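> kindly return the folded structure for what I paste below:
(2 chains)
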Amino acid sequence: MSDKAMLEIRNYSKTYGGEKKAADNVSLTVMSGDIYGFIGHNGAGKSTTIRAVVGVLDFTEGEIFIDGHSVKTDPIACKKITAYIPDNPDLYENLTGIQYLNFIADVFEISAADREARIKKYADTFEITDALGDLISSYSHGMKQKLAIISALIHEPKLLVLDEPFVGLDPKATFTLKEIMHEMCERGTAIFFSTHVLDVAEKLCNKVAIIKKGRIIASGTMEELTEGHSLEEAFLEADHEE
Amino acid sequence: MKNNAFLLLRTLLLSTSSINILKHTTDKKKKGRIIGGFVGLALLYAMLMAYCIATCAGLCAQGLGDSVPAFCVMILSGLALVFTFFKTNGYLFNFKEYDMLMSLPFGSAAVAGCKFLYMYVKSLPWYLIISYSMMGTYAYFTGAGVLPLILWFLLTFFVPLIPMLAASLLGFLIARISAGFKKSNVVQTVLSVLIVLFAFSIRFILEDVFRNDKVEQVLEKTSDVTEQVIGKYPPGAWFANAVTGGSILQALLLIAVSTGLFLAVFTLVGRSYRNINSSLKNHAASGKYRMTSQKTRSTLQAIAFKEFKRMMGSTIYATNVGMGEILVTLVSVATLILGFDRIVDMVTQNAPFDHALLQPAIPFIVYFFIGMVASTVCSPSLEGKNYWIVQSLPIEKKTLYQGKMLYNMYLTVPFALLGTLCMCISARVPFLNAILYLILSVVLCAFSTAWGCVCGIKHMRLDWENEVEVIKQGVGVVIYMFPNMFVVMGLCVLTVVMGRAMDHKLVALVFIVIAGALTALSYRKVLRLSRERG
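Predicted structure coming up:
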């Protein structure tokens, strides 16, 4: 693991309609090479935090830095090194898969040779090469999810942010994605993802944060958090204490 | 980043391009629908072209050829302003792929600017057809030289920009204000309606001003109105002067101001773009609900209620479908306050005729507003990705469409009755005639509902990217709206003509029977379509 902070969230808060705090003073740091799991109940504030990290959601309280760049003041620099996969990706349905991947590759200025190699590699891995010439509207949910994953990997981001990435994937694709996440982490990419699947988080992550009602109630390395118990037990205990 | 902006624009256009779908889809039915759509569009373009040529030929034949460029710029600007205002919310804000786009390395101003340019390019064919038809007619009748025509050709691309920017800025301000409220969608809808009502009253004020000029000839009046409007709208004058006087300086001025305004508006919009979209797209659950006793509804009522909530949740849906009801209320109140005769005088420019002749047309005048867009035309398509919900319910398709039709009846009938009643009172229509007009109004609502549903089911499109595509640009809407408008105008005239030869009660009865028969046929078609596509 490297000691370079790739994602730093400092005292981030988000209030909707001046009433309820969807995120309340959230602070955490994801280092290069970390696979950081973000777990919590439905509506706990996971997606609100993730969407602020990737520059989609506006916020006023706190600061978020990606590789030292502020999401607030230098969003473009942050987005150039970040990839985001939402839980339910809204892709351009009337483009073909290959047209969509080329669009993303063009945005990130990937050379023709590199994009061809990467698209081939990942499309073969996820077994959707044959479908790349079809309109996205004809894809199943899982295929769309795979396409969104490929589009996120195509520019080799330094920070990969995923919101419930395993929802809708078949077992083989889930395994493949986990393998890719390991490979990326070995290359120094920081991965920050939310999940409900505690078993996956326990096996995959080296660090975890638990969020409840917008507040981080526990965070640290997997060992620190579980202290010899399972993540499920640790989660339920932290949840109960709060 | 500039290259990226063009890349985004290109992708936005490609992602909604029918040609791209035609090229890549293997679905034969889809291909057929697209080709049918092209044919329908070509027919509409041809109709529009013919209308523009005929209008300009009329002006030229009256020796008013020099007014054609000003007339053209007035029409283009007016259309650009109105149509953009209704589309801004769906195109610039609250769009589906917002998260995906904003997570990519695009600046906020670039995303907003590209969305605007996308809207501009999509509406450009309409503007080009209007302008070039008028240009051809102008050249034919006035023998204009090459330079004016070249300038006309080029400046057509810039003329719609300023009104479109003005409408977008207005839409932006509404969104900016609404974003500060908890129920931002409702506030946005109310503000949009208020703006339209304001614009509507301006139209009457203008008409009143011009009426005082006592210009008698319609074409001369058109020319006069055009000159007066252009006199108050410098970009219009620049276009007219560039074309009629060959002024390259004024042509350059129009290009520079349009481009400069575009950059200024989108620098401004870009500053709070993320903030506005964050507020419009995200709502926290209050978490304060406590279980209370619940109401039950029949299946049909439940579907109708769902339709009501769907409409209230979308500014663009509510403003487009509900505008007719709001306008008819406005007209009804105006009729009661000002009197039927005065309103008729205003509309007909004090034409000397017996206003009682217009009485049989009252239900059609009301229907002109009410039937503008039926909710049933777009509601089947608006199910979109939620279509699985109704598909998986243990109900027949016909029940779903009956629920949708029931909602349109709830929406239209009270306003149709109010409008008809106000006009009948104001025009002192005899009691029995008024009863028949009220019945006819309800039957026309039923026709609009059922015929709208036929168009909506036949041209149902669930794979839309933006609801504007089905509410404003859907094939079903076009097929429903245009013939409906023209036929109703024709029927207004026909009832007046028939009313001169027949008893007004008999005229109303004839149309009740005809509209009732057409409603029954349309309803049967809905039932058949729901069986075939079930």
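
> any idea how chain A splits into domains?
A:5-81+A:157-241, A:93-155 (automatic domain parsing).

> let me see the contact set for the residue in the stretch 351-500 of chain B that chain A sits nearest to.
Residue nearest to chain A within the stretch 351-500 of chain B: B:Asp463 (4.7 Å; CB to the nearest CB). (C-beta placed from N, C-alpha, C; glycine too.) Contact partners of B:Asp463, counting by CB atoms under 8 Å, 6 or more residues apart in numbering or on different chains, are A:Glu93, A:Asn94, A:Ser137, B:Gly384.

> would you say it is within a strand?
No. Assigned with DSSP: H, G, I helix; E, B strand; the rest coil, B:Asp463 falls outside any strand and is coil.

> out of the domains of chain A, nearest to chain B?
domain A:5-81+A:157-241 (3.4 Å).

> what about that closest one, average pLDDT?
Averaging pLDDT along domain A:5-81+A:157-241 gives 90.

> any part of it near chain B?
Yes. Using CB under 8 Å from any CB of the partner chain as the criterion, contacts between domain A:5-81+A:157-241 and chain B involve A:16-20, A:22, A:43, A:48, A:51, A:54-59, A:75-76, A:79-80.

> ok, of these, which come out buried?
A:16, A:20, A:22, A:48, A:51, A:54-59, A:75-76, A:79-80 (16 or more other CB atoms under 10 Å in any protein chain shown).

> next one: phi and psi at the residue of the stretch 351-500 of chain B closest to chain A?
With angles defined as degrees, to the nearest 10, B:Asp463 sits at phi -100, psi 40.

> and for the one 4 residues further on?
Per-residue torsions, B:Glu467: phi -60, psi -20 (degrees, to the nearest 10).

> cool, B:Thr142 as well?
According to degrees, to the nearest 10, B:Thr142 has phi -100, psi -10.

> try B:Pro394
Per degrees, to the nearest 10, the backbone of B:Pro394 is at phi -80, psi 60.

> just the closest of the buried ones among the residues of domain A:5-81+A:157-241 next to chain B to B:Tyr233, please.
A:Asp58 (36.4 Å; CB to CB).

> which SS state does that closest one fall under?
Quick answer, by three-state DSSP: A:Asp58 is coil.

> list the contacts for it?
So A:Asp58 contacts A:Ala52, B:Arg274, B:Asn275, B:Asn277, B:Ser278, B:Ser279 (CB under 8 Å, 6+ apart).

> on that earlier part again, among the buried ones among the residues of domain A:5-81+A:157-241 next to chain B, name the ones in helices.
The members of these that map onto helices under DSSP state H are A:Thr48, A:Arg51, A:Pro75, A:Ile76, A:Lys79, A:Lys80.

> and chain B, which of its residues are near chain A?
B:1, B:4, B:7-8, B:11, B:14-17, B:20-21, B:24-26, B:96-100, B:102-107, B:182, B:274-275, B:277-279, B:282-287, B:463, B:465.

> show me which of those are buried.
B:4, B:7-8, B:11, B:14-16, B:20-21, B:24-25, B:96-100, B:102-107, B:274-275, B:277-279, B:282, B:284, B:463, B:465.

> dump the contacts of A:Asp58 into JSON lines; add distance to B:Gly419 and secondary structure as well.
Below are these laid out as JSON lines (distance: CB to CB, whole Å; DSSP: H, G, I helix; E, B strand; the rest coil):
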{"residue": "A:Ala52", "distance to B:Gly419": "49", "secondary structure": "helix"}
{"residue": "B:Arg274", "distance to B:Gly419": "43", "secondary structure": "helix"}
{"residue": "B:Asn275", "distance to B:Gly419": "41", "secondary structure": "helix"}
{"residue": "B:Asn277", "distance to B:Gly419": "38", "secondary structure": "helix"}
{"residue": "B:Ser278", "distance to B:Gly419": "41", "secondary structure": "helix"}
{"residue": "B:Ser279", "distance to B:Gly419": "37", "secondary structure": "helix"}
